[in-house]
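Kindly return the folded structure for what I paste below:
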Amino acid sequence: MFLSHLECTSCGLRHDWSQLQNLCTACHGPLFAIYDLDAAGHSLKRETLRTREKSLWRYRELLPLPADVDPVSLGEGGTPLLRAKKFAGDVHLWIKDESQNPTQSFKARGMAVAVSMAKHVGATKLAVPSAGNAGGALAAYAARAGVEAHIFMPHDTPRANIIECRELGAHVSLIDGLITDCGAEIARRKTAEGWFDMSTLKEPYRVEGKKTLGYELAEQLDWQLPDVILYPTGGGTGLIGMWKAFDEMETLGWIGKKRPRMFSVQATGCSPIVRAFANGDSTAAEFPDAHTCASGLRVPKAIGDFLILNILRQSNGDAVAVDDEEMI
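Numbering: from 1, shown residues only. The predicted structure is shown next:
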């Protein structure tokens, strides 16, 4: 394992990875896992990956779990990159089919790593707000790990998501309001209940699982990154994670300096990043009256908004809104 420490993305304060950590103790910013990439580069070469299992754990040296600890795994990662000729016209369009993950979404990546680390560091009760697939992913990985899952969902969450969580043994609470209200309920009760908060970017390891999207894309494209990445954005952890992966790969000497233009795609009825990007803001105000049929994108205020906006601007990207009718 080459994990060195956790570092605040806002103020830079270092934190101990061997203790349960949520946000920065000084400024409440999200924490990133920082690795000794020089040492990792001596141990892991691109060519080594060819003989490894097709899961996200093929990048084990670049993930936080100690080498002698078994991960909580259901076979996540290693999803296909499919050419989409029908929709592309003259453009070379590829779709990363994350429905092939164990819980049928990319949320499995983040929860596999986050639950593995939470269990290793001592958590026994995990809580998350969810309006879509994160709840099902936590329920599945908590069941695999033998720990409790407490999932708070808006009342109008699709019934299939609610049933999935309950059938996997999670404790499900339905809340009047949005995902932000669910998160607030966890924050209010977590100390008394002994829950560890697994909310998006309120713990440091879901983004580590999701960064493997970036590693896989590079590997599947023979270490040449695409020109553009379109990313459906709620909390934006996958977009942030991929950008982190690109930086790590450059340091390892696996790729050059060229980066894709990153595009954040949101629903018109809940598009705080789109609005902030257009206004030139560094953070996004909470989006009023958030509504969209894409329940997983109904995130009116993302804690990592400043990271998303910075990535979009660094990459000469953009943020676009799509009507529900266009999605369907």
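
how near is residue 249 to residue 84?
Note on residue 249: its distance to residue 84, by C-beta to C-beta, to the nearest Å, is 25 Å. C-betas here are computed from N, CA, C, even on glycine.

do residue 18 as well
In this view, residue 18 and residue 84 are 43 Å apart by C-beta to C-beta.

cool, and residue 328?
Distance, residue 328 to residue 84, using C-beta to C-beta: 18 Å.

again with residue 112
With C-beta to C-beta as the criterion, residue 112 and residue 84 are 27 Å apart.

How about residue 202?
34 Å.

neighbour-wise, which of the two wins?
Neighbour count, other C-beta atoms under 10 Å: between residue 202 and residue 84, residue 202 has more, with 23 against 11.

Strands of this protein, residue ranges please.
For the chain, the strands defined by DSSP state E occupy 3-8, 14-15, 31-35, 81-83, 94-96, 125-129, 148-154, 171-175, 196-197, 228-232, 261-267, 318-322.

which of these sits most buried?
Of the strands of the chain, the one with the most neighbours on average (mean count of other C-beta atoms under 10 Å) is strand 125-129, at a mean of 26.

quick one: strands adjacent to that strand?
Sheet pairing of strand 125-129 (DSSP bridges) gives strand 148-154 (parallel), strand 196-197 (parallel).

Distance check, residue 238 against residue 317.
14 Å.

Give me the more crowded residue out of the two.
Neighbour comparison, residue 238 and residue 317: the larger count goes to residue 238, with 27 against 22 (by other C-beta under 10 Å).

who touches the residue nearest to the more buried one when sequence neighbours are not counted in this structure?
Closest residue to residue 238 apart from its sequence neighbours, by C-beta to C-beta, 6 or more residues apart in numbering: residue 210 at 4.5 Å. Neighbouring residues of residue 210 by C-beta atoms under 8 Å, 6 or more residues apart in numbering: 106, 109-110, 237-238, 240-242.

From residue 108, how far off is residue 210?
For residue 210, the distance to residue 108 - C-beta to C-beta - is 10 Å.

swap in residue 161?
14 Å.

Between the two, which has more neighbouring residues?
The residue with more neighbours, out of residue 161 and residue 108, is residue 108; 30 against 22, by other C-beta under 10 Å.

Isn't the more buried one up against residue 139?
No: shown here, residue 108 and residue 139 do not form a contact pair, counting by C-beta atoms under 8 Å, at 11.2 Å.

Helices along the stretch 151-300 of the chain, start to end?
Using DSSP state H, counting those that start in this stretch, the helices of the stretch 151-300 of the chain run over residues 159-167, 179-193, 206-210, 212-220, 237-252, 272-279.

pull the CA atoms of the fourth one into PDB?
Put plainly, it is helix 212-220. The C-alpha coordinates for helix 212-220 follow below in PDB (Å, rounded to 0.1, in the frame of the first residue of the first chain):
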ATOM      1  CA  THR A 212     -10.800   3.800 -11.500                       C
ATOM      2  CA  LEU A 213     -13.100   4.900 -14.300                       C
ATOM      3  CA  GLY A 214     -10.200   7.100 -15.400                       C
ATOM      4  CA  TYR A 215      -7.600   4.400 -15.200                       C
ATOM      5  CA  GLU A 216      -9.900   2.000 -17.100                       C
ATOM      6  CA  LEU A 217     -10.600   4.500 -19.800                       C
ATOM      7  CA  ALA A 218      -6.900   5.200 -20.400                       C
ATOM      8  CA  GLU A 219      -6.100   1.500 -20.400                       C
ATOM      9  CA  GLN A 220      -8.900   0.500 -22.700                       C
END
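
Now it: buried residues?
For helix 212-220, a neighbour-count test (16 or more other C-beta atoms under 10 Å) marks 212-219 as buried.

Outside of that helix itself, list whatever touches it.
Here helix 212-220 has contacts from 46, 49, 56, 59, 62-63, 77-79, 81, 96, 98, 106, 109, 224-226, 229, 238, 241-246, 249, 254-255, using C-beta under 8 Å, 6+ apart.

Pull out the buried residues from those.
Applying 16+ other C-beta under 10 Å to those flags 56, 59, 62-63, 77-79, 96, 98, 106, 109, 225-226, 229, 238, 241-246, 249, 254-255 as buried.

least trustworthy helix or strand in this structure by mean pLDDT?
Using mean pLDDT, DSSP states H and E, the weakest-scoring helix or strand in the chain turns out to be helix 85-88, at a mean of 82.
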